[in-house]
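Engineer: no sequence for this one, just the structure:
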């Protein structure tokens, strides 16, 4: 997690990949850390099949209600929602809905984290590459720049 309490954290998780992010949001919103108070943006994209698989939902809803300017939560429910093309709503589809904002945040120093099954990464990378191309951005150079600035974090299994 970045040391700067004003940082923007974009956390993309599938299934149990949400668990490591819980420690992040607990630090930001529940723990009393000396000389550190979170004032950035914590944005969670969570992909699961059904609403009954929303891990830690009560806790995240509590944070969203208490800190509406600092916490955002967007679900991709593959068996309950449809993407813009009428297909299943996967995590990459949900992130793509906010692509302009995500790219703007990354260009302004946001940190993007990915955690969950490694099978999510090809779809996410394909979507990000397609959006990059539409924006006239060289995707490989863009991601390498994010990695160099320690803004791109992938922990998949």
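Structural biologist: Done, it's in. What you see is a predicted model, and the numbers here were worked out from it, not measured in a lab.

Engineer: could I get the average pLDDT for the longest helix along the chain?
Structural biologist: Counting by DSSP state H, the longest helix found in the chain is helix 120-134. Summarised as a single mean, pLDDT over helix 120-134 is 96.

Engineer: helices and strands around it, which ones?
Structural biologist: strand 8-14, helix 91-97, helix 99-107, strand 111-116, helix 139-148, strand 152-156 (3 or more Cβ pairs under 8 Å, 6 or more residues apart in numbering; DSSP states H and E). All C-beta spots, glycine's among them, are computed from the backbone N, C-alpha and C.

Engineer: repeat the analysis, applying 10 Å as the threshold.
Structural biologist: For helix 120-134, the elements it packs on are strand 8-14, strand 41-48, helix 91-97, helix 99-107, strand 111-116, helix 139-148, strand 152-156, judged by 3 or more Cβ pairs under 10 Å, 6 or more residues apart in numbering; DSSP states H and E.

Engineer: what's the burial count for residue 100?
Structural biologist: Neighbour count of residue 100, defined by other Cβ atoms under 10 Å: 11.

Engineer: got a list of what it touches?
Structural biologist: For residue 100, the contact set (Cβ atoms under 10 Å, 6 or more residues apart in numbering) comprises 131, 135.

Engineer: cool, residue 19 as well?
Structural biologist: Residue 19 neighbours (Cβ under 10 Å, 6+ apart): 13, 55, 56, 115, 116.

Engineer: and it, that one's in a helix?
Structural biologist: Yes. Remark: residue 19 belongs to a helix, assigned using DSSP: H, G, I helix; E, B strand; the rest coil.

Engineer: was I right about residue 6 contacting residue 28?
Structural biologist: No. Using Cβ atoms under 10 Å, residue 6 makes no contact with residue 28, being 11.4 Å away.

Engineer: pull up the overlap in contacts between these two.
Structural biologist: With Cβ under 10 Å, 6+ apart as the test, residue 6 and residue 28 both reach 37, 38, 39, 40.
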